[in-house]
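> have a look; sequence and predicted model below, questions after that.
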Protein chains: 4
Amino acid sequence: MKTILITNDDGIHSPGIKALKEAMEKLARTIVIAPDRDNSAVSHSLTMNRPLKVSKLEDNMYTVNGTPTDCVALGIKKILASPPDLLISGINGGANLGDDISYSGTVSAAIEGTMYGIPSIAISVGGEPPFDFRGATRIAAFIAQKALNDRLPENTLLNINVPSGHERYKIRVTRQGRRLWEDSIHETHDPRGIPHYWIGGGTPLMDPSEDTDVYVFGAGCVSITPIQLDLTNHSGISYLKNNWKLEHN
Amino acid sequence: MKTILITNDDGIHSPGIKALKEAMEKLARTIVIAPDRDNSAVSHSLTMNRPLKVSKLEDNMYTVNGTPTDCVALGIKKILASPPDLLISGINGGANLGDDISYSGTVSAAIEGTMYGIPSIAISVGGEPPFDFRGATRIAAFIAQKALNDRLPENTLLNINVPSGHERYKIRVTRQGRRLWEDSIHETHDPRGIPHYWIGGGTPLMDPSEDTDVYVFGAGCVSITPIQLDLTNHSGISYLKNNWKLEHN
Amino acid sequence: MKTILITNDDGIHSPGIKALKEAMEKLARTIVIAPDRDNSAVSHSLTMNRPLKVSKLEDNMYTVNGTPTDCVALGIKKILASPPDLLISGINGGANLGDDISYSGTVSAAIEGTMYGIPSIAISVGGEPPFDFRGATRIAAFIAQKALNDRLPENTLLNINVPSGHERYKIRVTRQGRRLWEDSIHETHDPRGIPHYWIGGGTPLMDPSEDTDVYVFGAGCVSITPIQLDLTNHSGISYLKNNWKLEHN
Amino acid sequence: MKTILITNDDGIHSPGIKALKEAMEKLARTIVIAPDRDNSAVSHSLTMNRPLKVSKLEDNMYTVNGTPTDCVALGIKKILASPPDLLISGINGGANLGDDISYSGTVSAAIEGTMYGIPSIAISVGGEPPFDFRGATRIAAFIAQKALNDRLPENTLLNINVPSGHERYKIRVTRQGRRLWEDSIHETHDPRGIPHYWIGGGTPLMDPSEDTDVYVFGAGCVSITPIQLDLTNHSGISYLKNNWKLEHN
């Protein structure tokens, strides 16, 4: 029987991971290993300055006092006897689109799985809270089944974003767009009047390119983006060699 | 006069950022905005669950109770009156090579700068501690001067790794290699005998490809890798469309 | 109808607070406000460097991303419309005896309640884990009923310790004894070989005085100690005036 | 030669601990062991859920990634070869008066020292920031010299509060007064509009009793309060035995 490793960044008590677990149980044996607390925007943080504690809540359900990346590393290397057939991270409450995926704990968990050679999926539901996870649950089941049967491109994960509350969806395969934020740093004051800055909110600048995750999600479709581990700008290599002449010293 | 924004992930009291500041002061006006504490392996974490406090230590030197990414965002959006001409992050104590750059707070600070359109550089010194920052300081000055004069490839930062303690260096422009770790999760026990896991250490599996950062650094050269913001596996898009037929529903 | 405010330091998902809630529901309307995570040994910490988030899990059950003291302050000042008739903190997994109560989040929550003029009780079960909360639950119900009917000494809370797994108990009213620990700091090493110290475990030095909480608990009885807010050594005042002659300058 | 252990809760980089070190160096050999970061209001927290790292900054100056209580315990048990002759904690920026001392990391460090049998002093400067540490520095030297020569009451520490910016002081030996705060919890909102509560600020209700620390400090004098480890309300023991009849079961 196949095994699916489930994690997230909203923490083990969030509704999205419960919905995801129910959907995955129809496909394979599941094991949940998730942070004990909200880890939104922790990116690909790995906890190296202290040891991590794994707590067993019930059979095949564990919590870690660390990040989503910690959960995946401990799950694959220490908790599971053999590597899972699939890793799925989510369902995140809030979209992970464009440049923002770089901050995302949800997507980073899938990056970590991909590093270990595990087919990996990140799935998020976006729109206005409270989120309706039903559509994303159906999409998760559909794509997870495909990923169990068929192979993913090498060193590549899928980043899926589903609009909240739709009845029927179109799926679009996209590239990562731009998503910069305006007015996303807010000044506030502590009780002694000292200024602090709170990051969040603001207005996203829309990416006008129709083949991007940002655009497609904004148009009410499910966006699926293949994300790779290699961050090299390959054309930049020859530019730096030829124009900057960096190797001529 | 040009302005260079300096940050790091080892924290404002680390020797690497002091060496870097001295080197940059010969090129331009500098402003240091760095975490108040070690933030190694925090990746591209953005602090959104609490406000951030900016403390001015002296003129043009600030500390933030947050991550390197927080420092860059606050610096560009709130502290600096106009965008800096260059961002440089480091000098990190410890190499940032291969897959590991995804965990790196040093590299993520340069990613954040690149998102805002600022030419950005991450620089690390690797080898056995204690680190000798002198070689990396000279390389930092050389590349920063080039980046102030010449343009970088679009949406691309430079990730520089310098071996500790060499006298003369060869520079090589590289691609990001693979760097997986064996035996990097260690079991320990708390005083009550409960097991915990501590991530770190272990043995890196060497990437045998001679054009990678991992290989070139291992051979005693300075590695410079152009890193891009776009994580899309572009060839994967057509694969998913044609083989998985994801858009035919 | 009377209202009982329930909190703890082991976090809202711990078994001790669930057992306590069940027992208190037979006596009065209950409201649970507890930390979202284990806060053992946080003492009387108050979170002032960041704002606190109150999350409603269900009717009359709230969690706070802070300390037990934060929970009590927010509960009395912001969440409850009128002050509760009783505050009870626990049931802690692990005894809080002798000098150790000064570190205890469980006892500190009751100190905070007492500061606001609320009759307050801290209750812990000690011995070997896993803890049997049944005896402590019965004692909690018995003492809580008394505290709802009768008055406590002014500015004074009750610190109750119940041995785990007994069938029948003797109750003894005690004073706070001494409880020093030997060998309670353990050297460990991180994966890079750097030494760290882990506090915990060790051997308690027994207090030989038969009227102390430490002795009575060790003898298998329930210990109830009245704890006051005033920390002044009143006889020390005249000593410092007369022997140190501090006021003669 | 005698040895003085110096710690604080504002962190090793704060001006108060630097002023205190200078003053103590004239009296004895000093060793500084302090938190790496601001630990205000951490009370008597002991870090037991992770190991602690001790970093040596220079000879006889160490920093710990933990609380003031952690610093004292590690200092006495692990760093120092023999117990110090005196422990002094501060100079805190901000008064520690009345009920507030229960939250104070500064006072708790002195409580920890007293538990280990070390004569211990907590010293704070209060009033309007920025604080003038000169007066408190002179008082610290005067009282520390007395404590090195003469004995303190058993199991008792001194809590000293000095008004900022005075030229000449009267010293008064006081008892701990009441200091409750009005309007000390402030509602704020995160960037998504979700309410949070920030504790701090507000108006202290003055204690009208002329023999209290609160009153005496308010009148511009130096307040010195002897604080004991025993928290028992001794008269409450007979009340609970006789009126509640707790031992008659």
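Yep, that arrived.
> buried ones in the helix or strand where residue A:123 lies?
Assigned by DSSP states H and E, residue A:123 belongs to strand A:120-126. Going by neighbour count (16 or more other CB atoms under 10 Å in any protein chain shown), the buried part of strand A:120-126 is A:120, A:121, A:122, A:123, A:124, A:125, A:126. Backbone N, C-alpha and C define where each C-beta goes, glycine included.
> ok, and which of those residues reach chain B?
Cross-checking the buried residues of strand A:120-126 against chain B (CB under 8 Å from any CB of the partner chain) gives no overlapping residues.
> tell me what angle the longest helix along chain A forms with strand A:120-126.
Longest helix of chain A, by residue count under DSSP state H: helix A:134-149. If you take axes from the mean of the first three to the mean of the last three CA atoms, to 10 degrees, helix A:134-149 sits at 170 degrees to strand A:120-126.
> list the buried residues of helix A:134-149.
For helix A:134-149, the neighbour count (16+ other CB under 10 Å) marks A:134, A:135, A:136, A:137, A:139, A:140, A:141, A:142, A:143, A:144, A:146, A:147 as buried.
> where's the residue nearest to the spatial centre of chain A relative to chain B, distance?
Taking CA atoms, centre = their mean, the centroid of chain A lies closest to residue A:107, which sits 2.1 Å from it. Counting by CB to the nearest CB, to the nearest Å, the gap from residue A:107 to chain B is 9 Å.
> I'd like to know which elements whatever helix or strand that residue lives in is packed against.
Using DSSP H and E, the element containing residue A:107 is helix A:105-115. In this structure, helix A:105-115 packs against helix A:68-74, strand A:86-93, strand A:120-126, strand A:156-163, strand A:222-228, with contacts taken as 3 or more CB pairs under 8 Å, 6 or more residues apart in numbering or on different chains; DSSP states H and E.
> got CSV for the ones you listed, with mean pLDDT too?
Below are the helices and strands packed on helix A:105-115 laid out as CSV (pLDDT from 0 to 100):
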stretch, mean pLDDT
helix A:68-74, 97
strand A:86-93, 97
strand A:120-126, 97
strand A:156-163, 98
strand A:222-228, 98
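> looking at the ones you listed, spot the one closest to chain D.
Nearest to chain D among the helices and strands packed on helix A:105-115 is strand A:86-93 (11.7 Å), distances taken as CB to the nearest CB.
> show me what from chain A comes close to chain D.
Residues of chain A lying near chain D by CB under 8 Å from any CB: A:49-51, A:53, A:65, A:184, A:186, A:188, A:190-193, A:198-202.
> try it again at 6 Å.
By CB under 6 Å from any CB of the partner chain, the residues of chain A that approach chain D are A:50, A:186, A:188, A:191, A:192, A:198, A:200, A:201.
> who wins on neighbours among the residues you listed?
When neighbours are counted by other CB atoms under 10 Å in any protein chain shown, residue A:198 leads these with 24 neighbours.
> may I have the secondary structure class of that one?
Put simply, residue A:198 is strand when judged by DSSP: H, G, I helix; E, B strand; the rest coil.
> how about the contacts made by it?
Residue A:198 sits next to A:186, A:188, B:51, D:191 when contact means CB atoms under 6 Å, 6 or more residues apart in numbering or on different chains.
> for chain C, what's its nearest residue on chain A.
For chain A, CB to the nearest CB, closest residue to chain C: residue A:37, 5.8 Å.
> so which bits of stretch A:48-58 are buried?
Buried residues in stretch A:48-58 (16+ other CB under 10 Å): A:48, A:49, A:50, A:51, A:52, A:53, A:54.
> which ones among the residues you listed also lie next to chain B?
Okay, of the buried residues of stretch A:48-58 touching chain B (CB under 6 Å from any CB), that's A:48, A:51, A:52, A:53.
> my guess is the last one contacts residue B:196. True?
The one in question is residue A:53. Yes - using CB atoms under 6 Å, residue A:53 is in contact with residue B:196, at 5.2 Å.
> from residue D:198, how far off is residue A:193?
Separation of residue A:193 from residue D:198 (CB to CB, to the nearest Å): 12 Å.
> correction: residue A:166
Here the criterion is CB to CB. By it, residue A:166 lies 38 Å from residue D:198.
> is stretch A:30-41 anywhere near chain B?
Yes - contact between stretch A:30-41 and chain B, assessed by CB under 6 Å from any CB, occurs at residue A:41.
> what does chain A put close to chain C?
residue A:37.
> remind me which residues of chain A are low pLDDT?
Within chain A, the ranges that satisfy pLDDT under 70 run A:248-249.
> distance-wise, check residue A:199 relative to residue A:211.
For residue A:199, the distance to residue A:211 (CB to CB) stands at 29 Å.
> between the two, tell me which one has more neighbours.
Between residue A:199 and residue A:211, counted using other CB under 10 Å, the more crowded position is residue A:199 (26 against 14).
> quick revisit: who does the strand holding residue A:123 pair up with?
Strand pairing for strand A:120-126, using DSSP bridges, gives strand A:86-93 (parallel), strand A:156-163 (parallel).
> let me have those in CSV, extended by mean neighbour count and distance to residue B:87.
Below are the strands paired with strand A:120-126 laid out as CSV (neighbours: other CB atoms under 10 Å in any protein chain shown; distance: least, CB to CB, whole Å):
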stretch, mean neighbour count, distance to residue B:87
strand A:86-93, 29, 29
strand A:156-163, 27, 27
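> nearest to residue C:179, out of the ones you listed?
Nearest to residue C:179, of all the strands paired with strand A:120-126, is strand A:86-93, at 45.5 Å by CB to CB.
> pull the CA atoms of that closest one into PDB?
The C-alpha trace of strand A:86-93 is given here as PDB (Å, rounded to 0.1, in the frame of the first residue of the first chain):
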ATOM      1  CA  LEU A  86       4.000  11.300  -2.000                       C
ATOM      2  CA  LEU A  87       4.300  14.400   0.100                       C
ATOM      3  CA  ILE A  88       1.500  16.900   0.200                       C
ATOM      4  CA  SER A  89       1.600  20.200   2.100                       C
ATOM      5  CA  GLY A  90      -1.500  22.200   3.000                       C
ATOM      6  CA  ILE A  91      -4.300  23.000   2.500                       C
ATOM      7  CA  ASN A  92      -3.000  26.400   3.300                       C
ATOM      8  CA  GLY A  93      -5.400  29.100   4.300                       C
END
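> residues contacting that strand, please?
Here strand A:86-93 has contacts from A:4-8, A:10, A:16, A:19-20, A:106, A:109-110, A:113, A:118-125, A:131, A:133, A:136, A:144, A:147-148, using CB under 6 Å, 6+ apart.
> measure how it sits relative to helix A:105-115, angle-wise.
Using the same axes, to 10 degrees: strand A:86-93 against helix A:105-115 is 170 degrees.
> what is the most widely separated pair among the buried residues of stretch A:48-58?
Maximum pairwise distance among the buried residues of stretch A:48-58 (CB to CB): 17.5 Å, between A:49 and A:54.
> for residue A:210, see how far away residue A:219 is.
According to CB to CB, residue A:219 and residue A:210 sit 8 Å apart.
> residue A:105 now?
Distance from residue A:105 to residue A:210, by CB to CB: 29 Å.
> more neighbours: these two, which one.
residue A:105 (29 against 11).
> pretty sure the more buried one contacts residue A:39?
Yes - the pair residue A:105 / residue A:39 is scored as a contact, 4.8 Å apart, by CB under 6 Å.
> and for these two, which residues touch both?
Shared between the contact lists of residue A:105 and residue A:39 (criterion: CB under 6 Å, 6+ apart) are residues A:9, A:68.
> make TSV out of the ones next to chain B among the buried residues of stretch A:48-58 and add distance to residue C:226.
What follows is those, written out as TSV (distance: CB to CB, whole Å):
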residue	distance to residue C:226
A:48	46
A:51	39
A:52	41
A:53	36
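> closest one of these to residue D:160?
Relative to residue D:160, and with distances defined as CB to CB, the nearest of those is residue A:51, at 39.0 Å.
> please report how far the closest one lies from residue D:156.
From residue A:51 to residue D:156 the distance is 38 Å (CB to CB).
> same question, residue A:7
52 Å.
> contacting residues for residue A:144?
A:27, A:88.
> do you know how far it is from residue A:160?
Taking CB to CB, one finds residue A:144 at 10 Å from residue A:160.
> do residue A:215 as well
Separation of residue A:215 from residue A:160 (CB to CB) stands at 16 Å.
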